[in-house]
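Asker: Sequence and predicted model, in that order:
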Amino acid sequence: MPELPEVEVVRAGLVPAATDAVVTRVRVFDERSLRRHPGPAEDFIHRLTGAVLAAPSRRGKYLWLPVAESDEALVVHLGMSGQVLLRDPDAEIAKLTRIVLDMVQPGHGPVRLDFVDQRIFGSMALDELVPTGDQPGERVPRSVVHIARDPLDPHFDDRVFLDRLARRDTTIKRALLDQTLVSGIGNIYADEALWAARIHYDQPTRALSRARARTLLAEVRMVLAKALAEGGTSFDAQYVNVNGASGYFSHSLNAYGQQGLPCPRCGTPIVREVFMNRGSHFCPRCQRIRVPRSA
DNA sequence: CCGGACTCCTGGTTGC
DNA sequence: TGCAACCAGGAGTCCG
């Protein structure tokens, strides 16, 4: 599942081909990929055709391409299975392609942007850019306003995050996956960061000390940065899958999907449990729920 | 504020 | 070999 590192790899991969590109043609093969667009496909096509795109931005798992000299942006969310591919305009269109943008980039020339999405949880949409309020001049799509900054954002405020976390009466993995508290973390990197910090996924946040919360945040950053470094080097220049088809960096996972395999730290078999309708992978020895003595 | 249930969706895998 | 059931889960919404 694309999480922050995968989306960032896509964003970075799009910079040379999409910045200053003119959209010359828009094809929508499946309108369900426009579920979040406020209008019919014809509206999407009409407004996007002829638009000049600016450098792509990202917050958490959301990616957007501002439309130059306008208050709009093309918002892309990859959902569970979305991919953004840059192709030669003459290349064959793959089976699960939902939307295709033909573009011309000065210097780069003609290029085709394919939005491929098997499960159609992802989407493209045109949305209004609005000020963030806390950073002068900064704008994000309206549909992204409620998303918290991600831990790799230079304006992410550790203290604010730790304060908000401390006030939450919930469990830690639920909090990590709450994109309005901290963004960019999905199921894989939540499990990986919790493993690294030796915290059980169902640990009540009320019983999590500030020191351990700080450690967890540091591990989240490390896990994201490491995946980003690996993903960032795994795709080459031009007409490649900018989504990095490299299996989401699965070669360096310690807990996610490792059920039955020995914990890299202590050798105890990793356990998988269902939590929040998804798998949670953890070491039953290294990661135990801790409760205060008074509780 | 919190959590649970439900919805969206389909290719690949599993099980009979 | 055939086919149905099951699984993966990001995120929004509704409800108690």
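Answerer: Thanks, I have the structure now.
Asker: The closest residue to DNA strand B within the stretch 151-295 of chain A - nearest residue in space that isn't next to it in sequence?
Answerer: When distances are taken as CB to the nearest atom of the strand, the stretch 151-295 of chain A reaches nearest to DNA strand B at A:Thr170, 3.2 Å away. The C-beta positions use only the backbone N, C-alpha and C, and glycine is treated the same way. Once flanking residues are discounted, A:Thr170 sits nearest to A:Thr205: 5.6 Å by CB to CB, 6 or more residues apart in numbering.
Asker: what helices or strands is the helix ranked longest in chain A leaning on?
Answerer: Secondary structure assigned by DSSP state H gives helix A:210-232 as the longest helix of chain A. The criterion is 3 or more CB pairs under 8 Å, 6 or more residues apart in numbering; DSSP states H and E, and the helices and strands that helix A:210-232 contacts are helix A:4-18, helix A:158-167, helix A:187-197.
Asker: The residue of the stretch 151-295 of chain A closest to DNA strand B contacts A:Ala207, correct?
Answerer: No. Contact status for A:Thr170 versus A:Ala207: not in contact, 11.5 Å apart, counting by CB atoms under 8 Å.
Asker: for chain A, what spans make up the strands?
Answerer: For chain A, the strands defined by DSSP state E cover A:22-28, A:57-59, A:62-66, A:72-77, A:82-87, A:97-105, A:109-117, A:123-131, A:139-141, A:271-275, A:278-282.
Asker: how about CSV for these, with mean pLDDT and distance to A:Gln179 added?
Answerer: Supplementary listing: these in CSV, determined by pLDDT from 0 to 100; distance: least, CB to CB, whole Å:
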stretch, mean pLDDT, distance to A:Gln179
strand A:22-28, 97, 27
strand A:57-59, 95, 9
strand A:62-66, 96, 9
strand A:72-77, 96, 11
strand A:82-87, 90, 16
strand A:97-105, 96, 23
strand A:109-117, 94, 19
strand A:123-131, 95, 15
strand A:139-141, 95, 13
strand A:271-275, 87, 17
strand A:278-282, 89, 15
